[in-house]
Structure formats: structure tokens, C-alpha cells
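Colleague: I would like to see how this sequence folds:
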Amino acid sequence: MYFLRVLPIGVSDIKPICDINAKRMLTLKSLQRHESNSDYVSCIRSCASARKTWAMHFDRDHCYCSLDIKLSLLCSNKATDNYWVQTSTGEEIFSVYRTPVAIKNCHMSKRYFPDGKAPPIGIISYPGSGNTWFRHLLEKSTGFYTGSVYAEKELFEHGFFGEMVDSSDGTTFGVKDHNIHGKKRSGNYEKAIILIRNPYDAFVAEFNRKSKGHVGHRNSDDFITTQWTKFVWNSSKRWQQSLKSVIAWEQPKLVIYYDDLIAHTRRTMKTIVTFLGIPPRELDTRLDCLVVDNGGFFRRKKSTSKRHLYTRPMIKRINNFIGSVRVEMLKQNLHTLPPYEMSI
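Modeller: A predicted model of the protein is given here:
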């Protein structure tokens with residue numbers, strides 16, 4: 001999977017973001033050719049000097065530059081089907097590089113919801129399921145700040161400007177709520193987005209957060225302690241209870257899976273914004289930009305396999321809870337859980 005990133009100019013081992021055939025490349029807007037007889041590093045430098053976001057290089061005498069955001073879709077596995085890069089045998093294939101030049105039209109503004117009339121929407125998830133990262137995606141997609149029932153100063157300081165606002169005052173579009181206590185706040189929301197992540201990943205993420213914040217990782221020795229065992233035992237039960245509670249809510253609700261946000265960001269966010277009923281006029285441009293920058297500060301870097309962190313009794317317990325939630329979702333005619341169970 002290719003991810004777009006700003007590349008350091010002058011580094012000899014820069015890797016291309018993707019490859020594109022010549023026919024597709026020639027359809028791009030603002031395309032500019034550089035007769036540089038250059039290697040790919042010189043091509044990137046030339047495009048950066050020309051204030052272009054993308055550099056495309058083939059052999060020594062083919063260097064093209066462009067500002068076309070369509071490249072962010074062509075180079076992403078999260079693009080819709082009609083954007084897949086197709087190649088033909090014998091056709092010139094250009095390697096695509098990202099320059100440090102900002103992507104045109106992607107500095108989209110965000111604001112509070114006007115007149116304090118935001119519909120009350122719950123962004124419901126179990127801790128560690130990616131709620132904060134999802135808020136980043138939602139804010140970039142809609143242009144409105146999201147809120148929270150927790151008022152975390154750290155999040156506010158990193159740009160979540162709806163974090164410290166009273167979540168009931170109608171100025172934030174979507175409210176983060178982990179719903180740990182079941183039905184207590186169900187009446188606060190007209191609609192709910194239920195974000196679900198593989199509990200094996202969610203428990204590790206939340207265990208990390210409790211000690212290392214939103215982006216840090218604990219030492220491996222921390223996962224062979226009684227603290228970790230007790231945490232898993234309690235968390236697995238709460239995960240089950242929380243999800244069974246919220247999927248029984250009568251309000252309109254949309255179940256979103258964390259893995260779909262990663263694999264199909266654009267398509268999934270368009271589904272969400274449509275469900276919420278307030279798509280911005282520039283939605284397509286916002287979603288295109290989102291494919292380029294979907295990380296956000298509070299998305300923890302993925303760690304290695306978590307299988308070794310869980311004992312057989314832990315796995316048996318968590319698998320049973322996954323099964324019970326799956327049955328409840330089927331009863332509610334909701335798209336059921338992916339195969340989250342771990343082999344024993």
C-alpha cells in the first residue's frame with residue numbers, strides 16, 4: 001500500500017510513491033515537462049523549484065511535473081475503482097514522487113457549526129478504537145470541528161478546537177463518547193456513528209495510551225505483568241457491554257469499522273458524511289485531499305503482531321465476547337463483525 005508523504009530533497013534513496021503509465025500521465029492538469037537529462041533526484045528538485053507538487057520520472061531525459069490532485073488518487077489503494085493505475089506491456093512507466101510543495105486547494109478551513117445548531121451526533125467507540133483519528137478525518141471531510149465529552153487539553157493543544165467546548169452547545173459537529181456506562185447518554189444524540197475496531201488491537205492501543213499518551217508505545221515487558229492481565233480481563237467485558245448497549249439504541253446509527261477507514265478512506269468517509277446529512281459543497285475536493293493527508297497527529301504508528309501479548313485464557317474470553325456481540329448485531333440487522341477472533 002502506498003502512502004503519500006513529503007520527501008526530503010537531496011536524499012539518494014528516495015522511493016517512488018507509485019508508478020503511472022505515460023497515457024494516464026498525459027491526462028493530468030498543469031503538466032509541465034522538464035528537459036533536464038536528469039536522474040530522479042534532479043527531477044524532484046526541478047519540480048519543486050517550479051512549485052509543482054508531483055514529479056514523474058522515466059529514464060534520464062523524461063521528467064514531468066504537475067499540481068493535479070488526481071495523482072493522490074491514482075497513487076492510492078484507497079481510491080475508487082475508476083482511479084486504479086493501469087499499465088500496458090511495452091508502455092513507458094513513470095515513477096511518481098512527492099515534492100515538498102503543498103498540494104493545491106488542500107488547505108481547507110474548519111470552523112464551529114454556525115448559530116449553535118449542530119445536530120447532536122454521537123461518535124461512539126470503545127477506548128483505543130481510533131475515535132480521535134476518526135475525528136481528524138471527519139473534521140477534514142466536513143469542515144466543522146468535532147467535540148468530546150472528555151475535554152482533553154492535549155487534543156485541544158494539537159488542533160482539536162472543539163475539544164474544550166461544551167459538547168451540548170451545538171457548535172461542534174459530532175461528539176466523542178466512549179459510552180462505557182451503557183445507556184446513560186443515549187438520549188443525548190439524534191444519530192450515532194459506531195466505530196468498531198478489532199478488540200485485540202483496541203486493548204493494546206488503550207493500554208499504551210494510559211501510560212504513553214495518544215501516540216506512544218509501552219515496553220514489551222509491560223505486557224507480561226498482572227496489570228496487563230487485569231486490564232484485558234476487565235476491558236474485554238466492558239467492550240462487550242458497551243457495544244451491545246449502543247447497537248440496541250433506537251436512534252439512526254451507522255456502524256463503521258476501523259479497518260475500512262484505513263483501506264477505503266475516501267469511500268467510507270463519503271458514506272459517513274452522506275449519513276450525517278450535511279455534506280459540504282466542496283466535499284469531493286475535501287475527500288481528495290483526505291486521501292493525501294489521512295494520518296493526523298494522533299494516529300499511533302502500527303506496531304508488530306499482537307498475538308504473543310495474549311494468553312490462551314485471554315483469547316478464549318475475548319473470542320467469546322466477540323461472538324456474543326456478533327449475534328447481537330445480527331439481531332439488530334446490522335452488518336456483522338469481521339472475523340476478529342484469534343486462534344488459540
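Colleague: next one: the residue lying closest to residue 22 once chain neighbours are set aside from residue 62, what distance?
Modeller: Take residue 22 and drop its neighbours on the chain: the residue closest to it by CB to CB, 6 or more residues apart in numbering is residue 92, 4.2 Å away. Any C-beta I mention is one placed from the backbone N, CA and C, and that applies to glycine too. Using CB to CB, to the nearest Å, residue 92 is found at 7 Å from residue 62.
Colleague: more neighbours, these two?
Modeller: residue 62 (19 against 14; other CB atoms under 10 Å).
Colleague: ok but residue 308 is inside a helix, no?
Modeller: Yes. Residue 308: assigned to a helix according to DSSP: H, G, I helix; E, B strand; the rest coil.
Colleague: residues contacting it?
Modeller: If a contact means CB atoms under 8 Å, 6 or more residues apart in numbering, then residue 308 has no contacts.
Colleague: quick one: the nearest residue to residue 340 once chain neighbours are set aside from residue 257, how far?
Modeller: Leaving aside its sequence neighbours, residue 340 sits nearest to residue 198 (CB to CB, 6+ apart; 4.7 Å). Distance, residue 198 to residue 257, by CB to CB: 9 Å.
Colleague: joint contacts of the two?
Modeller: Both residue 198 and residue 257 are contacted by residue 338, under the criterion CB under 8 Å, 6+ apart.
Colleague: what sits against the residue nearest to residue 22?
Modeller: With contact set as CB under 8 Å, 6+ apart, residue 92 has these partners: 21-22, 58, 62.
Colleague: likewise residue 170?
Modeller: Contact analysis of residue 170 by CB under 8 Å, 6+ apart lists 113, 115-118, 120.
Colleague: now the buried members of those.
Modeller: Buried by 16 or more other CB atoms under 10 Å: 113, 118, 120, out of these.
Colleague: would you map the strands across the chain?
Modeller: 18-21, 32-34, 54-58, 62-66, 93-98, 121-125, 147-148, 175-177, 191-196, 253-257 (DSSP state E).
Colleague: just to revisit the earlier point, now, which of the buried ones among the contacts of residue 170 sits nearest residue 156?
Modeller: Of all the buried ones among the contacts of residue 170, residue 113 has the smallest distance to residue 156: 17.2 Å, by CB to CB.
Colleague: wait, the closest one sits on residue 172?
Modeller: Yes. Under the criterion of CB atoms under 8 Å, residue 113 makes contact with residue 172 at 6.5 Å.
Colleague: in the stretch 201-344 of the chain, which spans are helices?
Modeller: 226-246, 258-263, 265-276, 283-292, 312-331 (DSSP state H, counting those that start in this stretch).
Colleague: ranking these by mean pLDDT, which is last?
Modeller: Per-stretch mean pLDDT for those is lowest at helix 283-292 (a mean of 81).
Colleague: pull out the buried positions in that one.
Modeller: Under 16+ other CB under 10 Å, the buried positions of helix 283-292 are 283, 286-292.
Colleague: since that was my last question, I'll sign off now.
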